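# starting from these lines, generate the structure:
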Amino acid sequence: MPVHPVERKLAAIFAADIAGYSRLMAHDEVGTLARLKACRAIVDGLIASHRGRVFNTAGDSVIADFASAVDAVQCAVAVQTAIATENAGATADEPMRFRIGVHVGDVMVDGENLLGDGVNIAARLESLAEPGAICVSAVARDQVGNKLPLGFDDLGDQQVKNIAQAIRVYRVQGERAAKPAAALYRPLAKPGFSSTARRTNLIIVSISSPNWPRANAALASVTGSSSANCNARRAKFLPISRSALGSTLRPS
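Prediction:
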């Protein structure tokens, strides 16, 4: 009997289930089923909008594949945010919270289904996640890099069921808000700039004359001086060395 070649592909696998689903069903079958359907509509919609495809479901679990790890992780964050919002408006005693795992790996293609360690590892990552949280493998973490405004907690190497090698696991933190420009720099000691040369590295961006008042204010927030004492017109439009900065921003 001829052996047919196995089709394979590299995919980002997203695995999710509901924490404590069996307990929720035992407590209120009808209500839990209705809430599950509402949550599934949210999850399925977000997977589709992030260019993913659901290929397996069983009870409360959802497994989807994405061509991009960035899309998969971004979708996971969007799901947790949307479900948290849904829970906030619900009247049930216990919220319905998802655990999500994301892994990038080689998988076997069997019609519309995907099989193999790539799928199994994503499912194991999901089981390691706390309710409302997302765990990703080191491979997925590396693929995301700095492409998303997210932080990652290193949970170390984890040994999981039926996977021979330990898996490096990261927990996704919430989205990092962009810091205001003034918050990017520490104020210098006091007007007079006595510690300017040893404490500051600053890059001055080219400014046109109509923007000098705003530049003065920005420099004031950095130096701790009043804007009237900061002469932005003297600033060079190139990186300023530590030693040169003191003379560049002297009080006028």
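# and residue 14, what helix or strand is that in?
Here residue 14 sits within strand 8-18, counting by DSSP states H and E.
# so which elements touch the helix or strand just after that strand?
Sequence-wise, the next helix or strand downstream of strand 8-18 (DSSP H and E) is helix 21-27. Under the contact criterion of 3 or more C-beta pairs under 8 Å, 6 or more residues apart in numbering; DSSP states H and E, helix 21-27 touches helix 29-49. The way it works is simple: take the backbone N, C-alpha and C, and place the C-beta from them, glycine included.
# just the strands in this protein please.
8-18, 52-58, 61-66, 98-110, 113-115, 134-137, 150-158, 167-175, 202-203, 239-240 (DSSP state E).
# contact partners for residue 76?
Residues near residue 76 by C-beta atoms under 8 Å, 6 or more residues apart in numbering: 14, 16, 100, 102, 134, 172.
# pick the most buried one from the strands of the chain.
strand 134-137 (a mean of 28; mean count of other C-beta atoms under 10 Å).
# returning to what we had before: tell me which of the strands of the chain lies nearest to residue 24.
strand 8-18 (7.3 Å; C-beta to C-beta).
# direction included, what does the closest one pair up with?
The strands beside strand 8-18 in its sheet (DSSP bridges) come out as strand 61-66 (antiparallel), strand 98-110 (antiparallel).
# give me the distance between residue 29 and residue 108.
36 Å (C-beta to C-beta, to the nearest Å).
# cool, residue 117 as well?
The gap separating residue 117 from residue 108 is 10 Å, by C-beta to C-beta.
# likewise for residue 169?
Residue 169 is 24 Å from residue 108, by C-beta to C-beta.
# make TSV out of the strands paired with strand 8-18 and add distance to residue 43 and mean pLDDT.
Converted to TSV, the strands paired with strand 8-18 look like this (distance: least, C-beta to C-beta, whole Å; pLDDT from 0 to 100):
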stretch	distance to residue 43	mean pLDDT
strand 61-66	6	97
strand 98-110	7	97
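# to residue 8, which of these lies closest?
Judging these by C-beta to C-beta, what sits closest to residue 8 is strand 98-110, at 5.7 Å.
# and that closest one with strand 52-58, angle?
Relative orientation of strand 98-110 and strand 52-58, computed by axes from the mean of the first three to the mean of the last three C-alpha atoms, to 10 degrees: 100 degrees.
# got a list of what the residue nearest to residue 119 when sequence neighbours are not counted touches?
Computed as C-beta to C-beta, 6 or more residues apart in numbering, the closest residue to residue 119 that is not its neighbour in sequence is residue 13, at 5.4 Å. By C-beta under 8 Å, 6+ apart, the contact set of residue 13 is 63-66, 72, 102-105, 107, 114, 118-119, 121-122.
# residue 19 too?
Contact analysis of residue 19 by C-beta under 8 Å, 6+ apart lists 97, 98, 99, 130, 131, 132.
# burial of residue 125, as a residue count?
A total of 27 residues lie near residue 125 under the criterion other C-beta atoms under 10 Å.
# if you could redo that for residue 81, that was the one I meant.
13.
# before we move on, back to that, for the strands paired with strand 8-18, give me JSON lines that also has distance to residue 80.
Shown next, in JSON lines, are the strands paired with strand 8-18 (distance: least, C-beta to C-beta, whole Å):
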{"stretch": "strand 61-66", "distance to residue 80": "13"}
{"stretch": "strand 98-110", "distance to residue 80": "7"}
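# ok, now how distant is the residue nearest to residue 119 from residue 117?
Where residue 117 is concerned, residue 13 sits at a distance of 10 Å (C-beta to C-beta).
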